[in-house]
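>>> what's the 3D shape of this:
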Amino acid sequence: MRKGILCVTLLLLLYSCAKRSTPEGGEKDEIPPKVLSSKPENSSINFDEKKIRITFDEYIKLEKLNSQLVVSPPIDKSNYSIFPQGGASKHIDIEINEPLSDSTTFVFNFGESIKDNNEGNLLPFYKYVFSTGSYVDSLELKGNIYDSYERKQEGYITAMLYPKNESFNDSTIYKEKPLYISSTLDSTFFNFSNLKKGEYVLLALKDYNNNLLFDPLSDKVAFIDSMIIIPTESEFDLKLFKEIPEYKVFKPYQEFSNRVSFGYRGNIDSLKINLLNENIESIITKEEDTDTLNYWFRSFNYDTLRFEVKNKLDFDEFKLAKREYENDTLIISKYSDKFELGDQFSLKTTIPIVDLDNSKITIINKDSTLIPFTTEFNNHKIDFDFEILPSDRYSIEIMPNAIIDFFENTNDTLNYNFTTKKRSDYGNLYLNLSGINFDKLIVELLNLKGEIIRSNFLTSNSDPCTFENILPGDYTIRVINDLNKNNLWDTGDFLKKIKPEPTYHYNDTIKVRANWVIRERL
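A predicted model of the protein is given here:
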C-alpha cells in the first residue's frame, strides 16, 4: 500500500515538473529609452565632425522619421543621413556629408520618432544641438497655428522664421528656405529653440510639397503683420488660409456637339467667352462641383471653332477642329433624394432651361387639394416654392412640354412624390450670440464632418438666431465675421497682406434630439 502511495506521489511530482506554464512577470515596462552618451556631446561648440553617435540604454527604433524629424536651420536631406531606419539599434548615427554654415546653432529635433524596440515606449522631442561657432544660441519663440476656417485642425504645420534684413521681401518665401523652422507635429503648438537674437518675419505653412517654400496652388499660409524681435516673452497665434489661386484658363475640350468645356482656376467674376466664328445664340454655365465652365451654342456650319476668353487684363484665344460628337440629352431628376421639413423641392437638368410653363404643373397634398406654387429656374436648377406642412404627402405632376431647354428639347410626363415627417421628429436650436463681437454674422450649423447643414445671416449679435426642424444628431456652430457684407467667408492674400475673415468655432458638440428645444449661449 505504501509503495502504491509512493508511486502516485512520484508521478504527480514528475507531471508537475514537466507541465509548461507561463512564468509570472512584473509590471509592464513603461520607461522610455534613456540617452547614455552622445559623441560629440550634446550642445557642443566649434563643431566640425562628420559623424554624430547617440547611445541609448536599450534597443530603439525610429518611426515616421520623415514626418517627425525637424532640422533647423534646414539642411538639405541629401547632405545628411540618419541610421537606423527600418531596424533596431542602441545607437542613432547622424552622418553629415557637406560643410555646414559657420557660427550657426543647429537643432535635430526627433519629435515622436524614438521608441524602445520592445514595448514602444516613447522618448518625446529629443533634441541634439550643436554649434559651428563659439557658443550655442538659446533663445525661444512659441505660439499656436490654427486653421482660419475649419474646426478640425491639421497637424504637421511648419512654422518659419526669416531674418528681417535688406534681402528679405514678400517674394522671398516663394524662392528661399527659412533660417529657422519648427513643427506643430500632431498638435497646434510650435516652439523654436536655440534662436539667435535679432529681428525676424514669422510665417507658417501647411507644406504639402515638403520643400519649405510657399507653393500657392497647394499650400496654406499664415503670417504675422508685425516684425518679431527676439528675445520676446510673447506667444503668437497664426491663422492658416488657402489663397484663391492666380487666374488661369485651360485649353478647352469638347465631348458633345454643341458644348465646349473650359477648365479654369482663380477668380472668374469678370470672365467672358466669345465665339469668334459668327454671332450665334449661346449660354455659359458653371459646373456645380468642378472649376469648369460650359459654353453651349446653337448648331451652325463650321470647320474650326475659334474662341476668345477675356478676364480683366488677361486675354486668351483657342481653336477646336470640328469632329463628330453626340448631342446632349435632356435628363430631369430630383435635386436631392432626401427631403426634410424646411427643405425646398427642386429639380436639376443636364441642359440649361430657358422656359417653364407653370400651367402644365400641378401639386396636390394627401387630401388631393391643389397647392398653389411658384417656380424659379436658373440654368440647370428649377425651384418650387409652396407651403410644405408636417405629416403630409405631396404629388407633383409635370405634363409634357412644361420644361424647355436651350436646344428646345422638352420633357415627357414626370411624377414626383414625397412625404413629410411630424414636427416632433425634429429638434429646434436657439442661439444667444451676445458673446460674439462680430459686426455682421454668418452663423453656420455644421455636422461633425464639417458639412454646412443650415446658415443664418444676421446684421448684429443681438438678432435672434434659430435653426428649426433639425434632424436628431450631433452638430457644431461656426460664426463668420462678414466684414465686407457679401454673405460669404473670404480668404486671405499673402502678397496683399489681407488676412481671412475671422471665424469663431463653438467648442462643444450640440446634441439635437427629437421633439427637444435646445438653447445655447455662445
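
>>> So what's the residue count around residue 297?
Residues within reach of residue 297, counting by other CB atoms under 10 Å, total 20. C-beta coordinates here come from the backbone N, C-alpha and C atoms, glycine included.

>>> Could I get the contacting residues of it?
Residue 297 sits next to 258, 259, 260, 275, 280, 281, 282 when contact means CB atoms under 8 Å, 6 or more residues apart in numbering.

>>> do residue 282 as well
Residue 282 touches 275, 295, 296, 297, 298, counting by CB under 8 Å, 6+ apart.

>>> again with residue 123
Residue 123 sits next to 32, 33, 34, 35, 60, 110, 114, 115, 116 when contact means CB under 8 Å, 6+ apart.

>>> Who is the closest residue to residue 512 other than its chain neighbours paired with across the strands?
Computed as CB to CB, 6 or more residues apart in numbering, the closest residue to residue 512 that is not its neighbour in sequence is residue 427, at 4.0 Å. Beta bridges link residue 427 to residue 470, judged by DSSP bridges.

>>> With residue 143 instead?
Here residue 143, judged by DSSP bridges, has bridge partners residue 190, residue 236.

>>> got the contact list for it?
Residue 143 touches 159, 189, 190, 202, 235, 236, 237, 238, counting by CB under 8 Å, 6+ apart.

>>> roughly how far apart are the third one and residue 111?
Going back to what we said before, that points to residue 190. Per CB to CB, to the nearest Å, residue 190 is found 12 Å from residue 111.

>>> More neighbours: which of those two?
Set residue 190 next to residue 111 and count neighbours by other CB under 10 Å: residue 190 wins out with 25 against 21.

>>> domains in this protein, as residue ranges please.
Using automatic domain parsing, the domain parsing of the chain gives 35-131, 139-240, 259-321, 332-421, 426-521.

>>> lowest confidence element among the helices and strands of the chain?
In the chain, no helix or strand scores lower on mean pLDDT, DSSP states H and E than helix 2-18, which sits at a mean of 42.

>>> Can you name the element that comes right after that one?
Moving toward the C-terminus from helix 2-18, the next helix or strand (DSSP states H and E) is strand 35-39.

>>> The residue nearest to residue 512: what's it in contact with?
470, 471, 472, 512, 513, 514, 515, 516, 517, 518.

>>> circling back to that earlier point, now the contacts of residue 123 in TSV, please, with extra columns for pLDDT and distance to residue 376.
Shown next, in TSV, are these (pLDDT from 0 to 100; distance: CB to CB, whole Å):
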residue	pLDDT	distance to residue 376
32	92	65
33	95	68
34	96	72
35	96	71
60	96	67
110	93	61
114	95	63
115	95	61
116	93	67
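
>>> Quick check on the residues you listed: which are buried?
32, 33, 35, 60, 110, 114, 115, 116 (16 or more other CB atoms under 10 Å).

>>> Make TSV from those and add distance to residue 150 to it.
Output for the buried ones among the contacts of residue 123, formatted as TSV (distance: CB to CB, whole Å):
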residue	distance to residue 150
32	33
33	36
35	38
60	36
110	29
114	31
115	31
116	36
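
>>> Which one of those residues is nearest to residue 448?
If you rank the buried ones among the contacts of residue 123 by distance to residue 448 using CB to CB, residue 115 comes first, at 31.6 Å.

>>> Contact partners for that closest one?
33, 60, 61, 63, 121, 122, 123.

>>> Identify all residues paired with it through a beta bridge.
Going by DSSP bridges, residue 115 forms beta bridges with residue 61, residue 122.

>>> Let me know the distance separating it from residue 81.
Residue 115 is 20 Å from residue 81, by CB to CB.

>>> returning to that earlier point: any chance of the contacts of residue 123 in TSV, with distance to residue 194 too?
Putting the contacts of residue 123 into TSV (distance: CB to CB, whole Å) gives the following:
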residue	distance to residue 194
32	23
33	23
34	22
35	18
60	24
110	15
114	19
115	24
116	27
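
>>> where do the strands sit along the stretch 401-522 of the chain?
Per DSSP state E, counting those that start in this stretch, the stretch 401-522 of the chain carries strands over the ranges 403-405, 414-419, 427-432, 441-447, 452-458, 465-470, 473-481, 503-505, 510-512, 517-521.

>>> Just want the angle from the third one to strand 517-521.
Right, the one you point to is strand 427-432. 20 degrees (axes from the mean of the first three to the mean of the last three CA atoms, to 10 degrees).

>>> Hey, what's the angle from strand 427-432 to strand 465-470? Just curious.
Going by the same axes, to 10 degrees, strand 427-432 makes 170 degrees with strand 465-470.

>>> what do you get for the longest one?
An angle of 150 degrees separates the directions of strand 473-481 and strand 465-470 when computed by the same axes, to 10 degrees.

>>> got it, and the fourth one?
With the same axes, to 10 degrees as the basis, strand 441-447 and strand 465-470 are set at 30 degrees to each other.

>>> pull the CA atoms of strand 441-447 into PDB?
The C-alpha coordinates for strand 441-447 follow below in PDB (Å, rounded to 0.1, in the frame of the first residue of the first chain):
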ATOM      1  CA  LEU A 441     -22.600  87.500 -38.800                       C
ATOM      2  CA  ILE A 442     -22.900  84.300 -40.800                       C
ATOM      3  CA  VAL A 443     -24.000  81.600 -38.400                       C
ATOM      4  CA  GLU A 444     -23.500  78.100 -39.800                       C
ATOM      5  CA  LEU A 445     -24.800  74.800 -38.300                       C
ATOM      6  CA  LEU A 446     -22.300  72.000 -39.200                       C
ATOM      7  CA  ASN A 447     -22.400  68.300 -38.800                       C
END
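
>>> and the residue nearest the centre of the chain, what are its phi and psi?
Centre of the chain computed as the mean C-alpha position; nearest residue by CA atoms, centre = their mean is residue 150, 7.0 Å away. Note on residue 150: backbone dihedrals following degrees, to the nearest 10 are phi -80, psi 150.

>>> residues contacting the closest residue to it other than its chain neighbours?
In space, and not counting its chain neighbours, residue 150 is closest to residue 450: 6.1 Å by CB to CB, 6+ apart. Contacts for residue 450 (CB under 8 Å, 6+ apart) come out as 150, 151, 152.

>>> One more: residue 109?
Residue 109 touches 69, 70, 71, 72, 125, 126, 127, 182, 183, 193, counting by CB under 8 Å, 6+ apart.

>>> Mind listing the residues bridging to the third one?
Read it as residue 71. With DSSP bridges as the rule, residue 71 is bridged to residue 108.

>>> Residue 108 is in contact with that one, correct?
Yes. With the criterion set as CB atoms under 8 Å, residue 71 and residue 108 qualify as a contacting pair; they are 5.6 Å apart.

>>> Now do the SS call for residue 400.
coil (DSSP: H, G, I helix; E, B strand; the rest coil).

>>> Go ahead and confirm it touches residue 409.
No. Residue 400 is beyond contact range of residue 409, at 11.5 Å (criterion: CB under 8 Å).

>>> more neighbours, these two?
Under the criterion of other CB under 10 Å, the comparison of residue 400 against residue 409 puts residue 409 first, with 15 against 11.

>>> In three-state terms, label the nearest residue to the more buried one once chain neighbours are set aside for me.
Nearest in space to residue 409, with sequence neighbours left out and distances taken as CB to CB, 6+ apart, is residue 330 at 4.2 Å. Put simply, residue 330 is coil when judged by three-state DSSP.

>>> Next up, the contacts around residue 330.
Applying CB under 8 Å, 6+ apart to residue 330 gives the contacts 349, 350, 351, 405, 407, 409, 410, 411.

>>> Most neighbours among those, which one is it?
For the contacts of residue 330, neighbours tallied by other CB under 10 Å; top is residue 351, 26 neighbours.

>>> roughly how far apart are the residue nearest to residue 409 and residue 397?
Relative to residue 397, residue 330 is positioned 18 Å away (CB to CB).

>>> what's the answer for residue 520, then?
For residue 520, the distance to residue 397 (CB to CB) stands at 43 Å.

>>> low pLDDT regions in the protein?
1-27 (pLDDT under 70).

>>> Sounds good, over and out.
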